[in-house]
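A.B. asks: Sharing a model that was predicted from the sequence below.
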Amino acid sequence: MTADDIRRAVRRIAHEIIERNKGVQDVVLVGMRTRGVPLARRLADAIRQFEGVEVPVGALDVGLYRDDLPYLGLRPSLQPSDIPIDIDGKRVVLVDDVLYTGRTIRAALDALMDFGRPGQVQLAVLVDRGHRELPIRADYVGKNIPTSRREEVQVRLEEVDGRDEVVIVRPREEGEHEG
Amino acid sequence: MRDDAREQARPTSVREAPAWKREHLLDVDELTPEEIELVMDTADAMREVLSREVPRVPALRGLTVVNLFYEPSTRTRASFELAAKALGADVVNIAAEQSSVKKGESLLDTVRTVEALGAEVLVMRHWQSGAPYLAARHTRLHVVNAGDGSHAHPTQALLDIYTIRRHLGDLRGRKVVIVGDIAHSRVARSNAWGLTALGAQVVLCGPPTLLPAGLRPGTSMDDGEVAMPPVQVEMDLDKAIEGADVVMALRLQRERMAGGVLPSLREYVRLYQINVQRLARARPDALVMHPGPMNEGVEIAPEVARSAQSVIEEQVTNGVAVRMAVLYLLTGGKA
């Protein structure tokens, strides 16, 4: 995906969020660190343009909720979560860059419930690359990109990486480790 | 099969903690500035957890942390216990006076027993310097030194550094004065290593009899029992405190008095108490710290301990966050 593709996808998802929720009353966007956060901010900007309404944006770090890390033998670096408002009864839209196994979203749901009891949780992702291991699906998808498990989808965003693009990294060779 | 599963499950969005490869935390002297920063950053996330209505996350669920204390301790033990529980771990406390240690069980026997019980982390306080190092060499447990003799107290130093950084930001060029019984203080020593690693200027201040060999006048570093980073030593507190950004008072252990190390408590108070007049010589916004428990009216005047400059209570709160960070990082390496 090019920078233009990403921009269009974000605007379309913003429209879909508005349409599906019949406005943005009670909608809260919660970006998942790292790249879900700038995506959530971009969605909020687009919604402000379309509707003239400021939607609250939060940030969620799910590192403390993952179940696959002891097993993978690594610790993600952590940043504080920041949920600026009471989410009880709200329509929370979780925002992430890539949907893959679904395990990150599972962890995010646990993390979110520790902050309150949302009325509804929806999921927006820029890329759905398939290979789900849990019964989880996205409500809003920027682009479906069929991939092999050996490939890696990298989303780069201006705010984090200095430029906007989505690239598929070549399949890793047998025995080669991810850097 | 397992390799294949590993590859499949590896999430692309997880950023691996950049610098943490350690199995144990024995002292600050072995940590790089990057590793110290990593503990600090991780502690920020832990503070957020502690600020919640229900401060509990499942990061260490299913793991057991054993607190093995050969010396009495209230706050350090409680702090580790709260930290482990906030991460969802199970906690077992063993006070050595009441345990089989009384029956002559050796340190390593006890450690092996803890290991056999299925624990993953051993938090250990021992009156003997070096004891946690011995334990770490003979176990697959992650060992955290919670204070060994007069040698090291790494989590106390890390929580002190964390507290200072929250108020002052970058430590480079900051002057930190540590006052009191330097010779017997594992807190002073671990702080000296951590603070100098981050670029702070450390001044140790106390009566000559309470300075360690190596720093005492008339001795050289070769006489030192334990290594020290480059620090300044100043016996005159009024001089030492001049322009300080941080003033840290150490607990005067009254039992030392019996050894004739101090001529009189009154003289100690006169020369080394952090009081309002002395504090006025430091920077106006200087932080006042104390690792606790305090002897108010001895090493610190009550009005200073409770002043707006005091961050003593915050040290206790930050201690839980920093210990959570340490437990979280240590248990990531080996699973």
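C.D. replies: Received, thanks.
A.B. asks: So for A:Pro118, what's the nearest residue that isn't a sequence neighbour?
C.D. replies: A:Val92 (4.3 Å; CB to CB, 6 or more residues apart in numbering or on different chains). Backbone N, C-alpha and C define where each C-beta goes, glycine included.
A.B. asks: longest helix in the chain, by residue count?
C.D. replies: Unless you meant another one, I'm taking chain A. Ranked by residue count and defined by DSSP state H, the top helix of chain A is helix A:3-20.
A.B. asks: hmm, I had chain B in mind actually
C.D. replies: Chain B, longest helix under DSSP H: helix B:312-333.
A.B. asks: in chain A, what residue is nearest chain B?
C.D. replies: Distances between chain A and chain B by CB to the nearest CB are smallest at A:Arg75, namely 3.0 Å.
A.B. asks: Please enumerate the strands of chain A.
C.D. replies: A:27-32, A:57-60, A:91-99, A:120-128, A:140-144, A:152-156, A:165-169 (DSSP state E).
A.B. asks: Report the central residue of the chain.
C.D. replies: Reading this off chain A. Nearest to the mean C-alpha position of chain A, counting by CA atoms, centre = their mean, stands A:Asp96 at 0.8 Å.
A.B. asks: that's the other chain; I wanted chain B
C.D. replies: Computing the C-alpha centroid of chain B and ranking residues by CA atoms, centre = their mean puts B:Gln156 first, at 1.8 Å.
A.B. asks: who's in contact with that residue?
C.D. replies: B:76, B:147, B:186-187, B:190-191, B:291, B:319 (CB atoms under 8 Å, 6 or more residues apart in numbering or on different chains).
A.B. asks: just the helices in chain B please.
C.D. replies: Along chain B, counting by DSSP H, helices occupy B:2-9, B:33-50, B:75-86, B:107-116, B:131-137, B:154-168, B:186-197, B:237-240, B:255-258, B:265-272, B:276-279, B:302-305, B:312-333.
A.B. asks: Neighbours of A:Glu165, how many?
C.D. replies: Close neighbours of A:Glu165, defined as other CB atoms under 10 Å in any protein chain shown, add up to 15.
A.B. asks: now swap in A:Gly23 and tell me
C.D. replies: 12.
A.B. asks: For it, list the residues it contacts.
C.D. replies: Taking CB under 8 Å, 6+ apart, we find A:Gly23 in contact with A:51, A:53.
A.B. asks: Please apply the same query to B:Pro132.
C.D. replies: Contacts of B:Pro132 by CB under 8 Å, 6+ apart are B:24, B:26, B:124, B:126, B:143-145, B:148.
A.B. asks: Looking at the residues you listed, spot the one nearest A:Val28.
C.D. replies: B:Val144 (38.6 Å; CB to CB).
A.B. asks: sorry, back to before: for the longest helix of chain B, name the packing helices and strands.
C.D. replies: Helices and strands touching helix B:312-333, by 3 or more CB pairs under 8 Å, 6 or more residues apart in numbering or on different chains; DSSP states H and E, are helix A:69-72, helix B:33-50, helix B:75-86, strand B:121-126, strand B:142-148, helix B:154-168, strand B:287-289.
A.B. asks: which stretch in these has the least confidence?
C.D. replies: For the helices and strands packed on helix B:312-333, mean pLDDT drops lowest on helix A:69-72, to a mean of 58.
A.B. asks: and the gap between whichever residue of chain B sits closest to chain A and B:Cys205?
C.D. replies: Residue nearest to chain A within chain B: B:Gly332 (3.0 Å; CB to the nearest CB). Distance, B:Gly332 to B:Cys205, by CB to CB, to the nearest Å: 39 Å.
A.B. asks: Which of the helices and strands in chain A ranks last by mean pLDDT?
C.D. replies: Least confident helix or strand, chain A: helix A:69-72 with a mean of 58, by mean pLDDT, DSSP states H and E.
A.B. asks: Excluding residues flanking it in the chain, which one is nearest B:Tyr133?
C.D. replies: Excluding its sequence neighbours, the residue lying closest to B:Tyr133 (CB to CB, 6+ apart) is B:Leu26, at 5.7 Å.
A.B. asks: Excluding sequence neighbours, find me the nearest residue to B:Pro293.
C.D. replies: What sits nearest to B:Pro293 in space, not counting adjacent residues and going by CB to CB, 6+ apart, is B:Arg251, at 6.5 Å.
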